[in-house]
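Engineer: what shape does this take:
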Amino acid sequence: MFGIPGKQAVTMTPKAAEQILRLMTSGGHAGLRIGVKKGGCAGMEYTMEYVDQPDPHDEVVEQDGARVMIAPMAQMFLFGTEIDYEVSLLESGFKFKNPNVVDACGCGESIRFDENLAEQR
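Structural biologist: Residues are numbered from 1 along each chain as shown. Sure, this is the predicted structure:
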């Protein structure tokens, strides 16, 4: 595990926790797994998927009844991230406030991390 002992890898705003709990309850899922994958114009994209059972290597974060699992390969990229849920006239969805991101594309769907991040952790 990456990070500081006793400190959660990610946090959720109350709105995000409420939405994640709603999704868990309505679908009967154990939580949401968050990861990153190569793609997009800036190089990486966030992924979210329903989980019925955590992988033994996932980092599990629980807050106000909501549960997210962080995929092992994403833990170093997501440490310190705050997950929010925003609703506007044109869209609604999860937003990631990630201190590890060094650049993002104009549409906000793609991100880039410091190439030395893996070496720093």
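Engineer: what secondary structure does the residue nearest the centre of the chain sit in?
Structural biologist: For the chain, the residue nearest the mean C-alpha position is Ile34 (4.4 Å; Cα atoms, centre = their mean). The three-state assignment at Ile34 reads strand, by DSSP: H, G, I helix; E, B strand; the rest coil.
Engineer: dump the residue contacts of it.
Structural biologist: By Cβ atoms under 8 Å, 6 or more residues apart in numbering, the contact set of Ile34 is Val10, Tyr46, Thr47, Met48, Val68, Met69, Ile70, Ala71, Ala74, Leu78, Ile83. Where you see a C-beta, it was placed from the backbone N, CA and C, and this is true even at glycine.
Engineer: for the second one, which residues are in contact?
Structural biologist: In other words, Tyr46. So Tyr46 contacts Ile34, Gly35, Val36, Phe96, Ile111 (Cβ under 8 Å, 6+ apart).
Engineer: which intervals of this structure have sub-threshold pLDDT?
Structural biologist: Scanning the chain for pLDDT under 70 picks out the ranges 1-7, 42, 103-121.
Engineer: how much space separates His57 from Ser26?
Structural biologist: Relative to Ser26, His57 is positioned 27 Å away (criterion: Cβ to Cβ, to the nearest Å).
Engineer: these two - which one has more neighbours?
Structural biologist: Using other Cβ atoms under 10 Å as the criterion, His57 and Ser26 rank with His57 on top: 12 against 8.
Engineer: if we can go back for a sec, most neighbours among the contacts of Tyr46, please name it.
Structural biologist: Highest neighbour count within the contacts of Tyr46, by other Cβ under 10 Å: Ile34, with 26 neighbours.
Engineer: so is the residue in the chain sticking out farthest from the centre in a helix, a strand, or just coil?
Structural biologist: In terms of distance from the mean C-alpha position of the chain, Leu89 ranks first, at 23.6 Å (Cα atoms, centre = their mean). Here Leu89 is coil, with the state taken from three-state DSSP.
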